[in-house]
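Visitor: The following block contains a protein sequence and its predicted model.
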Amino acid sequence: MRAHELASIVGGKILGDGSVEVNEPVPIEMADSKSTIFLLDEKFDKPLNVRVVVSKKKPRNIEADAIILVENPREAFIKTLSLFYKKFTEPIADGFKVIGKNCEISSSARLFPFVYIGNNVKIGDGTFIYPFVFIEENVEIGRHTIIHSNVVIGRDVKIGDYVIIHSGTVIGADGFGFEKKEDGYLKIPQIGGVIIEDDVEIGANCTIDRATIGNTVIKKGVKLDDQVHIAHNVIVGEHTVMAAQTGIAGSTKIGKWVMMGGQVGVKDHTEVADYTIVMAQSGITKPTESGKMYVGSPAREARKAWRELAFLSKLEELFKRVAILEKRLEEKDDKE
Amino acid sequence: MRAHELASIVGGKILGDGSVEVNEPVPIEMADSKSTIFLLDEKFDKPLNVRVVVSKKKPRNIEADAIILVENPREAFIKTLSLFYKKFTEPIADGFKVIGKNCEISSSARLFPFVYIGNNVKIGDGTFIYPFVFIEENVEIGRHTIIHSNVVIGRDVKIGDYVIIHSGTVIGADGFGFEKKEDGYLKIPQIGGVIIEDDVEIGANCTIDRATIGNTVIKKGVKLDDQVHIAHNVIVGEHTVMAAQTGIAGSTKIGKWVMMGGQVGVKDHTEVADYTIVMAQSGITKPTESGKMYVGSPAREARKAWRELAFLSKLEELFKRVAILEKRLEEKDDKE
Amino acid sequence: MRAHELASIVGGKILGDGSVEVNEPVPIEMADSKSTIFLLDEKFDKPLNVRVVVSKKKPRNIEADAIILVENPREAFIKTLSLFYKKFTEPIADGFKVIGKNCEISSSARLFPFVYIGNNVKIGDGTFIYPFVFIEENVEIGRHTIIHSNVVIGRDVKIGDYVIIHSGTVIGADGFGFEKKEDGYLKIPQIGGVIIEDDVEIGANCTIDRATIGNTVIKKGVKLDDQVHIAHNVIVGEHTVMAAQTGIAGSTKIGKWVMMGGQVGVKDHTEVADYTIVMAQSGITKPTESGKMYVGSPAREARKAWRELAFLSKLEELFKRVAILEKRLEEKDDKE
């Protein structure tokens, strides 16, 4: 790709030599004289010598063979990334597959070697199933979905269209349900399923448990980072985002457009309202209010929590003030 | 199954038409006119029209073709779930297996395709080994145990009877032991093993490391949720339960009948007494007392921690009270 | 091995019968009359009867057929463990392999059955690839590296020499990057790679995401425990150590010789200075200072945080003191 081609793709205006080649973009810190870079931070001001720079304004200190001026460098950056993104690795061999009875697998689906697909499984058009994926039985997977390597999909799971599930994730392990008895815990059989709607992306090594009865549900457009845990019977609302290592306990209902930082925990049977924001490492133990931000373990409304933290940091001073008061009162007593 | 059959299985009394069919139970919120539901929450009071309802008393607002009255609806629910639970998925093909030398594998064990079983492995009667399971060598697995897909079992691991290990879990990776040297960390070889006793259930994507020497031990009846981490040389006592994403550091000894919430951490070389209860996200750094509850990071005895939290929330008020005292004392000084 | 042989390997002096056999060392609590033990804790004082004991001084209460006296029992212990460490399990069968085009795989590398190696992959001398490992494409793996079972290595990943990656770990899943739009989140394509330098050890079920552009980098000698998460574009400096379940958010730069306890979180785009120490469960939200210790969530310099905690624990007393002051002032007012 030439610089003038990139300029036309991102709707930019070219300064300099439009015929130079555009390499895969690199971070500014790694740039050399052959690099393509995007100036996303307008404050960046170190001298640099690169081949192609995409920027909002002509950069002061960057020498480049070609400068592409765009209204929104971040949008241009994302568009450019998609040009270089090799989303699909095609299978390089056939064989070593096990496919069950009564399966409906689209002829345009790509099954890699080393997949095990149980009975009664449907796989839609253009869907990829990478190696070492186990699909138990009675599973439906939609169109243009990507199931990465070493993913496990238990029985009675439904996965929508344009879903991405990263490697090592387990969908449909038994929910964690036991009944305490005198001589030990009795397993509560987990007979429900899991539903994952369209446009969901799930990170690597996540766990999404099946429901006791009914379904654990991950709604349209949800994005989960790596090592997220979703317990049985949880419902996660549309377009909710959770950062890595967050865990949601059983039967909790998370609203739509919720944002959770990493390592957040949410108690079982709790309602998290739409548009709630939860800071990293917080622990939600009570219902939240829509659009509010929460922090801490146990979590409180952020402004309240921060206010308390501020007072806490002045606590040493308060001890001193009280000691002075005591002393002065003592002195008064002595005088009297 | 007919309603009168279910009634007799759960020891209940039938009202209405005992001949109607019983479907797989569903959550009350999802019920329609063909559903079987269990009324576990006696306060539930919305009007509903279902086919079968199991309840302690005749429900006021629920119309049903058949009502099954039982003493304990929760017990009836668990018993019913077990009737619908499809615990075992049978292998649908043979082949694609590697089995080592000197193995003793029961003829009633089911090995799925794509299993790798190393040398000197014993597998007991009725045990299931799902696809993509790697069993290294010198491993013993008891009877009626289920090793789900993509589980890894390292060398020198012993697993008892009626154990369930969910997908993606790694038993017997090296303990995390290094010796700090001038030029880097020297690996301390981890030559011990792991022992998992009878009736243990381990969730998906857990990690249970091998001991440096001796064994990491998970005792009878322990239940671990998904993504739990057990470090080298830890001993977990009988019937202890840990919720998801909890981590136990090296050489720690957890007593029996302990209950831990999710995302709990326990320091290395710490003793957690029998019957200890640890709230979610807490961090245990010191020995606990039997039967007490702990909360916070670092964790303290719960009543003490909550008391402190209560004072903390009144801290702003205290600052005001001290300011008033200061002002009044100032006024007194002025008067004198 | 005989006791006199072990004595000469660890540079020790033998007392008693040097011809007795040395068994695999066991923890002192598990020792019997045939055991080899190491007396690492000089305060240990219980009577014991074993076959071989390695110790700094002649132990008072331990009867042994052979005593090996050494200057540094811990060093002798680690050296002895390495004699008993069975690092490599050799593949027991051939076949069931998929290997792509343009691969350069050393003839001394051991590939187990059930490996999938994509196009353009280089694997160095003496490297082991265990079963159910998926290597996507354009991957380089150095010499004497061990890739344990069920590991996933995505495209464009470089792994150095003498690296150990434990089972279930996923290297090179997409970084968690999305652009918020009116109708949902747009995926930011992640086209970068991952570089893992020499002598790195990575625990089981970890996730190390690929960079958006450029590389996520784990530098020489880094040791990561199980279930650690490293997000896209993170750089982890040489000889840094992280305990289990720690998570580092995107574009964060961790210095060298940093030590992190378990379940630590670090915010995105944060700089953690060289030699920083972070206590377990802490949350780093701001740059740290070299060599300082941090604790809490949000984390503060440890001495400051502990000071605050100490005041917090005296807060109840402070409330009482203020109440007394108020009462006394009241009394003074009454008198006047």
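Guide: Happy to help now that I have it.

Visitor: which residues sit in contact with the closest residue to residue A:56 other than its chain neighbours?
Guide: The shortest distance from residue A:56 to any residue other than its chain neighbours is 5.5 Å, reached at residue A:73 (Cβ to Cβ, 6 or more residues apart in numbering or on different chains). Quick note: C-beta positions are derived from backbone N, CA and C, even for glycine. Residues counted as contacts of residue A:73 (Cβ atoms under 8 Å, 6 or more residues apart in numbering or on different chains) are A:38, A:39, A:40, A:54, A:55, A:56.

Visitor: Would it be right to say that residue A:98 lies in a strand?
Guide: Yes: counting by DSSP: H, G, I helix; E, B strand; the rest coil, one finds residue A:98 located in a strand.

Visitor: what number of residues lie near it?
Guide: Residues lying near residue A:98 (other Cβ atoms under 10 Å in any protein chain shown) number 20.

Visitor: Would you check which pair of the contacts of residue A:73 lies furthest apart?
Guide: Using Cβ to Cβ, the contacts of residue A:73 reach their maximum pairwise distance at A:38 and A:56, which is 10.2 Å.

Visitor: Give the residue from these two that has the larger number of neighbours.
Guide: Regarding residue A:38 and residue A:56, a neighbour count based on other Cβ under 10 Å identifies residue A:38 as having more, with 24 against 16.

Visitor: Okay, the more buried one and chain B: tell me how far apart.
Guide: When Cβ to the nearest Cβ, to the nearest Å is applied, the distance between residue A:38 and chain B equals 36 Å.

Visitor: Tell me the spacing between the nearest residue to that residue once chain neighbours are set aside and residue C:7.
Guide: Beyond its immediate neighbours in the sequence, the residue positioned closest to residue A:38 (Cβ to Cβ, 6+ apart) is residue A:77, lying 4.3 Å away. Distance check for residue A:77 against residue C:7: by Cβ to Cβ, to the nearest Å, it reads 65 Å.

Visitor: Near chain C, which residues of the stretch 51-200 of chain A are found?
Guide: Among all residues of the stretch 51-200 of chain A, those adjacent to chain C (criterion: Cβ under 8 Å from any Cβ of the partner chain) are A:74, A:78, A:81-82, A:84-87, A:89, A:92-93, A:96, A:112-114, A:130-132, A:148-150, A:164, A:166-168, A:199.

Visitor: Buried ones from these, can you make that a PyMOL selection?
Guide: Selecting just the buried residues from those in PyMOL takes one command, with 16 or more other Cβ atoms under 10 Å in any protein chain shown as the test:
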select buried, chain A and resi 78+81+84+89+92+96+112+113+114+130+131+132+148+149+150+164+166+167+168+199
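
Visitor: near chain B too, which of the residues of the stretch 51-200 of chain A next to chain C?
Guide: A:96, A:114, A:132, A:150, A:168.

Visitor: any chance of those in TSV, plus distance to residue A:23?
Guide: Compiled in TSV, those are given as follows (distance: Cβ to Cβ, whole Å):
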residue	distance to residue A:23
A:96	37
A:114	35
A:132	34
A:150	32
A:168	32
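
Visitor: Low-confidence stretches in chain A?
Guide: Under the criterion pLDDT under 70, the flagged ranges of chain A are A:87.

Visitor: Report the contact partners of the residue of it found nearest chain B.
Guide: Taking Cβ to the nearest Cβ, chain B has its nearest neighbour within chain A at residue A:189, 3.4 Å off. When contacts are counted by Cβ under 8 Å, 6+ apart, residue A:189 is found next to A:212, B:78, B:81, B:82, B:84, B:85, B:87.

Visitor: Check residue A:185 too.
Guide: For residue A:185, the residues meeting the contact criterion (Cβ under 8 Å, 6+ apart) are A:178, A:179, B:221, B:223, B:239, B:241.

Visitor: can you give me phi and psi for it?
Guide: The phi and psi values for residue A:185, taken as degrees, to the nearest 10, are phi -100, psi 130.

Visitor: Give me the distance between it and chain C.
Guide: When residue A:185 is compared with chain C (using Cβ to the nearest Cβ), they lie 24 Å apart.

Visitor: Identify the bridge partners of that residue.
Guide: Each beta-bridge partner of residue A:185 is listed here, defined by DSSP bridges: residue A:180.

Visitor: State the distance from it to residue A:248.
Guide: With distances defined as Cβ to Cβ, the gap from residue A:185 to residue A:248 amounts to 22 Å.

Visitor: Put the alpha carbons of the lengthiest helix in chain A into PDB.
Guide: In chain A, taking DSSP state H as the definition, the longest helix is helix A:315-335. Included here for helix A:315-335 are C-alpha records, laid out as PDB according to Å, rounded to 0.1, in the frame of the first residue of the first chain:
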ATOM      1  CA  LEU A 315      -6.900  11.200  60.600                       C
ATOM      2  CA  GLU A 316      -3.400  11.500  62.000                       C
ATOM      3  CA  GLU A 317      -3.900  15.300  62.100                       C
ATOM      4  CA  LEU A 318      -7.300  14.800  63.900                       C
ATOM      5  CA  PHE A 319      -5.600  12.700  66.600                       C
ATOM      6  CA  LYS A 320      -3.200  15.600  67.200                       C
ATOM      7  CA  ARG A 321      -6.000  18.200  67.300                       C
ATOM      8  CA  VAL A 322      -7.900  16.100  69.800                       C
ATOM      9  CA  ALA A 323      -4.800  15.700  72.000                       C
ATOM     10  CA  ILE A 324      -4.300  19.500  71.900                       C
ATOM     11  CA  LEU A 325      -7.900  20.100  72.900                       C
ATOM     12  CA  GLU A 326      -7.500  17.600  75.800                       C
ATOM     13  CA  LYS A 327      -4.400  19.400  76.900                       C
ATOM     14  CA  ARG A 328      -5.900  22.800  76.800                       C
ATOM     15  CA  LEU A 329      -9.000  21.600  78.700                       C
ATOM     16  CA  GLU A 330      -6.600  20.100  81.300                       C
ATOM     17  CA  GLU A 331      -4.900  23.400  81.600                       C
ATOM     18  CA  LYS A 332      -8.200  25.200  82.100                       C
ATOM     19  CA  ASP A 333      -9.100  22.700  84.800                       C
ATOM     20  CA  ASP A 334      -5.800  23.400  86.500                       C
ATOM     21  CA  LYS A 335      -6.400  27.100  86.400                       C
END
